[in-house]
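Student: Mind folding the following:
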Amino acid sequence: PVVVLEAKSESKNPLVGKEQARKYAKSLNCRFVLLSNGNLHYFWDLERGNPNIITKFPTQESVDSYRKFLPDKDRLIHEPVENDFVMLTQKPNYALDPGWINEELRGSFLKANKLKLLRDYQVKAVRSIQKAVSEKKDRFLFEMATGTGKTLTSAAVIKLFLKTGNARRVLFLVDRLELEDQADKNFRQYLSPDFKSVIYKQNKDDWRKAEVVVTTVQSLLFNNKYKLCFSPTDFDLVISDEAHRSIGGNARAVFEYFVGYKLGLTATPRDYIKKFDPDKNARDPRELERRLLLDTYRTFGCQDGQPTFRYSLLDGVRDNVLINPRVVDARSHITTQLLSDEGFTVVETDENGEELESTFRQRNFERTFFSEPTNRVFCKTFLENAMRDPISGEIGKSILFAVSQDHAAKLVQILNEYADKLFPGKYQSDFAVQVTSQVLDSQQMTINFANNKLSGSA
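Tutor: Residues are numbered from 1 along each chain as shown. Below you'll find the model as predicted:
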């Protein structure tokens, strides 16, 4: 027998048959149980933990493969994890290399060989999962500030699960195309030659040959591909990058479809949702993100608001890993009113000569309310405060976030007009470049930007 199916009537919760099914399964020496009332189904691996809700029965092929998989939690819990954990995969004999032995050459040796040493806090993050597993937890959440190496830390976690035999295959979910490409390249660099990483859409027929499968949530949601192409037991560890976004709304269905360990990564701190009053902040455009984040903590078993591991912006600044942001106050008469409780009020005259009053707030800016002078204030303030090359006086590499794609186009136009005055003849309308999904080759442009090759004059 492969699976015991305990079927209850629709009026009963499938979990009422749990102990009955356990008894049957043990008498048949059967490891897997399905609990169902016809509408709600649970898949239960008796050797792993609790029943998991599934939306589709697993295929026999998938369960047969899963049956041969015998995870050993003790190995995972006690596996030594030090700073060279990832590097031992990249270059197992690195410690014997003269470039490593000579401390003066060590930095250039690491750079030339593209080797990655884990920082102390990244080692702590991986060890926090070992501790959580020892406490019988199977969901984890890392709250790590942007720039602290979540992908490298994920690679170490993936290696931990694969090396100790606690995962056969890992799914890494992202919410943007450029992150998909970036994650796959990083995993190839960090985990090769021991483990293979692929992008799902480029390897639809042979993804099973890889240990790490990277994909966007959107590509699996399209036409319910995650149900049609995968069985719930296909992945033993699912990692959600930018978890507060990639498990929101319909995307949660993809994340919850698979049984196994779940790890969420987020850079958005818990304090972001502190003292949030949904009634008072009903007009706040960040309300949705706050609610999603709150739900994120619940999803990963952190109802008390404490993630499995936290490394904040302030921690990074303290350790000289990050630099504290410098805030510049740029406001106009309009933005001041937009941010006020009363909002920005405009009086217009209709066709009948009657006066109509319209009130706009922050969320309306560049959506239902447009202001060229305000955009110029933003752009001018940026140019006046941006870091410059000490020799050429050129503006440093910068990213501007816009309200919408149309807003992005406007900002690019204004910045290029200013650049013509500041640097006559230097730029050919490429001082500022729009990189959004409507622009052709935007994904490649993102990669070029990261490599300082965005435009001819960059």
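Student: Distance check, the closest residue to Asn50 other than its chain neighbours against Ile391.
Tutor: Of all residues not flanking Asn50 in the chain, Trp44 sits nearest, at 7.4 Å (CB to CB, 6 or more residues apart in numbering). No exception for glycine: its C-beta is placed from N, CA and C like everyone else's. As judged by CB to CB, to the nearest Å, Trp44 and Ile391 stand 66 Å apart.
Student: Strands along the stretch 251-400 of the chain, start to end?
Tutor: Using DSSP state E, counting those that start in this stretch, the strands of the stretch 251-400 of the chain run over 261-266, 309-311, 344-349, 355-360.
Student: do you know which of the ones you listed lies nearest Gln434?
Tutor: Gln434 sits nearest to strand 355-360 of all the strands of the stretch 251-400 of the chain, at 24.9 Å, using CB to CB.
Student: and the closest residue to Asp241 other than its chain neighbours, what does it touch?
Tutor: Nearest non-adjacent residue to Asp241, counting by CB to CB, 6+ apart: Val174, 4.7 Å away. Going by CB atoms under 8 Å, 6 or more residues apart in numbering, Val174 touches 180, 183, 214-217, 241-242, 246.
Student: How much space separates Val174 from Leu314?
Tutor: 26 Å.
Student: what does Arg48 give?
Tutor: Taking CB to CB, one finds Arg48 at 37 Å from Leu314.
Student: Looking at the two, which one has more neighbours?
Tutor: Arg48 (19 against 12; other CB atoms under 10 Å).
Student: ok, the more buried one touching Phe69?
Tutor: No - with contact defined as CB atoms under 8 Å, Arg48 does not count as touching Phe69 (9.9 Å).
Student: which residues of this protein score low on pLDDT?
Tutor: 243-250, 269-305, 456-458 (pLDDT under 70).
Student: Check the contact between Ala402 and Leu411; I expect there is one.
Tutor: Yes - counting by CB under 8 Å, Leu411 is a contact partner of Ala402 at 5.7 Å.
Student: Reformat the strands of the stretch 251-400 of the chain as a markdown table; add distance to Asp420 and mean neighbour count.
Tutor: Output for the strands of the stretch 251-400 of the chain, formatted as a markdown table (distance: least, CB to CB, whole Å; neighbours: other CB atoms under 10 Å):
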| stretch | distance to Asp420 | mean neighbour count |
| --- | --- | --- |
| strand 261-266 | 41 | 26 |
| strand 309-311 | 43 | 21 |
| strand 344-349 | 31 | 12 |
| strand 355-360 | 32 | 11 |
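Student: okay, Ala402 and Leu411: which has more neighbours?
Tutor: Leu411 (22 against 17).
Student: got a list of contacts for the strand or helix carrying the more buried one?
Tutor: According to DSSP states H and E, Leu411 maps onto helix 405-422. Defining contact as CB under 8 Å, 6+ apart, one finds that helix 405-422 is touched by 366, 372, 375-376, 378-380, 382-383, 400, 402, 426-427, 429-434, 436-438.
Student: what do you get if the cut-off is 10 Å, keeping everything else the same?
Tutor: By CB atoms under 10 Å, 6 or more residues apart in numbering, the surrounding residues in contact with helix 405-422 are 365-367, 370, 372, 375-376, 378-380, 382-383, 393-395, 398, 400-404, 426-439, 457.
Student: From the residues you listed, list just the buried residues.
Tutor: Buried subset of those (neighbour count, 16 or more other CB atoms under 10 Å): 365-366, 375-376, 378-379, 382-383, 394-395, 402-403, 427, 431-435.
Student: Show me where the stretch 101-250 of the chain has its strands.
Tutor: According to DSSP E, counting those that start in this stretch, the strands that the stretch 101-250 of the chain contains are 139-144, 170-174, 197-199, 212-216, 237-240.
Student: Could you export the ones you listed to TSV, including columns for distance to Val254?
Tutor: Shown next, in TSV, are the strands of the stretch 101-250 of the chain (distance: least, CB to CB, whole Å):
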stretch	distance to Val254
strand 139-144	16
strand 170-174	7
strand 197-199	16
strand 212-216	9
strand 237-240	9
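Student: Find the residue closest to Ala7 in space, skipping its chain neighbours.
Tutor: Distance criterion CB to CB, 6+ apart; nearest residue to Ala7, sequence neighbours excluded, is Ser36 at 5.6 Å.
Student: so how far is Phe187 from that neighbour?
Tutor: Taking CB to CB, one finds Ser36 at 36 Å from Phe187.
Student: The two: which has the busier surroundings?
Tutor: Neighbour count, other CB under 10 Å: between Ser36 and Phe187, Phe187 has more, with 26 against 17.
Student: That one: what's it in contact with?
Tutor: Applying CB under 10 Å, 6+ apart, the residues contacting Phe187 are 151-152, 154-155, 158-159, 170, 172, 195-198, 210-212, 214.
Student: Which residue, neighbours along the chain excluded, lies closest to it?
Tutor: Per CB to CB, 6+ apart, closest to Phe187 is Ser197, 3.8 Å.
Student: Count the residues that sit near Asn452.
Tutor: Counted with other CB under 10 Å, the neighbours of Asn452 add up to 8.
Student: For the remainder of this discussion, apply numbering that starts at 52.
Tutor: Will do, 52 is the new start, and the previous item becomes Asn503.
Student: Quick check: which element contains it?
Tutor: Using DSSP H and E, no helix or strand contains Asn503.
Student: backbone phi and psi for it, please?
Tutor: When quoted as degrees, to the nearest 10, the phi and psi of Asn503 stand at phi 60, psi 40.
Student: ok, it to Asp392 distance?
Tutor: 44 Å.
Student: for Phe309, same thing?
Tutor: Taking CB to CB as the measure, Phe309 falls 45 Å from Asp392.
Student: Which of these two has more residues huddled nearby?
Tutor: Set Phe309 next to Asp392 and count neighbours by other CB under 10 Å: Phe309 wins out with 22 against 6.
Student: got a list of what that one touches?
Tutor: 103, 105, 222, 224, 277, 281-289.
Student: related to what we said a few turns ago, how about the residue nearest to Phe238: which residues does it bridge to?
Tutor: Counting by DSSP bridges, Ser248 is bridged to Val263.
Student: which residues sit in contact with it?
Tutor: Listed by CB under 10 Å, 6+ apart, the contact partners of Ser248 are 206, 209, 221, 223, 234-242, 254, 261-265.
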